[in-house]
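**Student:** Pasting the sequence and the predicted coordinates here, then a few questions.
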Amino acid sequence: MWTVPRPPNDDSYRLSSLPIVSLDPYIHPEGHNGKGRLSTAAALHAACVEYGFFYLDVSTFIHPDEPNELMRLARDFFALPQEEKDNIGLAKEDGARGYQRIGENVTNGKADNHEAIDFYRPVGNPDKSRPLWGNNQWPDIPGFREKYEKWVEKMKELGLIVMEAMATGLGMSPEEWKDLKSKVDDSFWVLRVIGYPPLQSDDDSLSCGSHKDYGCLTFLYQDDTKDALQVYLSRPGTVVRTNIGLPAEEIVEEGGVWISADPVPGCLLVNVGEMWERWTNGLYTSTLHRVIHRGSNYRVSIPFFFEPNFDARVEPLPAAIRMQEGIACSNPYLHGAKHRDVGADGMVPVRYEPVVYGQFLLAKVQNNFAKYE
Ligand SMILES: O=C(O)CCC(=O)C(=O)O
Ligand SMILES: [Fe+2]
């Protein structure tokens, strides 16, 4: 008989953390023995199959001064008097672009405890009586618009790089990548600047209720607050960190755990949204996440949502089906749970109907801001 030592119940043991993928081998392959592009592509693929979430080390692509400046500008805005923030309120435009007060955003039917400004890709012929079709509303803070517009350009560039690497990871042919690229090359992106006051200790509401992101790729820049953003891993056997400030029964749920996705220096936190789940016929998972901020500081996060083009038709990609068929044939046990409905003919059923991204988005947005329905 022997006893297995249990992991210590403190910060020194953090097994349950998300993978880190480095972008550098992809953008500077010459410095990585010529293997760079494939190694990044393979790492992205593994992270998307296993977690749907990963840290992307962008330290050679983004200078840290840039996001630091965005944080400063965001804090300047949230510190303004309420009336000034309301000057760019959602109701002044199309109901989706602009500032939303604390409690205005709704997830799973419950008000979230955060305030935010939302920006979307500008449209030709804006018409604020049409959902999503108005103008962005910029705070009247020197440098705000310029710095954030620069960030949008950077994130769009990053979106196309990561998409190309993911296409490689899925074994797509150059023609297949060209076709996929034509669906994201005019991304209907969304940028959110979010401010989270700490939840009061007797408040059982959430800072942001659990949800999946509905688009393509989310690039999240967050300040250094810990134990606020949590990601749900349906991985029985994962070691749970028990010190994230929640009663144990809220941490462990059926067959999975909520883990903290704390900021990692030099990295953006990336996750795949429902469009990638559809493109890969469920091989990549759009993973649930939520924010419960019980600290004492005012937390700021800046997610950029790199989305398909507004009119892009999204349906399972042949490359993903090929891969699922390959996995199903070569190793029916390893991925059995995901592929148990492979037919007797070994064919993988197509699990998702085609959707047009813009239509899908409109339905989601109307749900988030219930009062504008
Ligand atoms: O604030 C965060 O860390 C995450 C926000 C988020 O999940 C979202 O806006 O979709
Ligand atoms: Fe999210």
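**Tutor:** Structure received. Ligands and ions are numbered 1, 2, ... in the order given.

**Student:** For the stretch 151-300 of the chain, just list every one of the helices.
**Tutor:** 174-181, 248-251, 274-279 (DSSP state H, counting those that start in this stretch).

**Student:** Find the one among those helices with the highest mean neighbour count.
**Tutor:** helix 274-279 (a mean of 24; mean count of other C-beta atoms under 10 Å). C-beta coordinates here come from the backbone N, C-alpha and C atoms, glycine included.

**Student:** and Leu56, what does it touch?
**Tutor:** Applying C-beta atoms under 8 Å, 6 or more residues apart in numbering, we find Leu56 in contact with Ile20, Val21, Ser22, Leu23, Val162, Phe219, Cys267, Leu268, Leu269, Val270.

**Student:** of the residues you listed, closest to ligand 1?
**Tutor:** Leu269 (7.5 Å; C-beta to the nearest ligand atom).

**Student:** For that closest one, list each beta-bridge partner.
**Tutor:** Tyr55, Leu220 (DSSP bridges).

**Student:** Settle this for me: Val272 is touching Phe219, isn't it.
**Tutor:** No: using C-beta atoms under 8 Å, Val272 is not in contact with Phe219; the gap is 11.4 Å.

**Student:** Mind listing what's buried along stretch 110-127?
**Tutor:** By neighbour count on 16 or more other C-beta atoms under 10 Å, the buried set for stretch 110-127 is Asp112, Asn113, His114, Glu115, Ala116, Ile117, Asp118, Phe119, Tyr120, Arg121, Val123.

**Student:** And those residues, which two are furthest apart?
**Tutor:** The distance between the two most remote of the buried residues of stretch 110-127 (C-beta to C-beta) is 30.7 Å, for Asn113 and Val123.

**Student:** what's the closest non-adjacent residue to the residue in the stretch 101-250 of the chain positioned nearest to ligand 1?
**Tutor:** As assessed by C-beta to the nearest ligand atom, ligand 1 sits closest to Leu229 within the stretch 101-250 of the chain, at 3.9 Å. Of all residues not flanking Leu229 in the chain, Ala261 sits nearest, at 4.7 Å (C-beta to C-beta, 6 or more residues apart in numbering).

**Student:** what about stretch 173-187, how long is it end to end?
**Tutor:** The first residue of stretch 173-187 is 22 Å away from its last residue (C-alpha to C-alpha, to the nearest Å).

**Student:** Enumerate the residues of the chain near ligand 1.
**Tutor:** Taking C-beta under 6 Å from any ligand atom as the contact definition, the chain meets ligand 1 at Arg192, Ile194, Cys208, Asp213, Leu220, Gln222, Leu229, His289, Val291, Ser301, Pro303.

**Student:** and the third one, bridged to which residues?
**Tutor:** Note on Cys208: beta-bridge partners Val291, judged by DSSP bridges.

**Student:** Repeat that for the last one.
**Tutor:** With beta bridges defined as DSSP bridges, Pro303 has these partners: Leu220.
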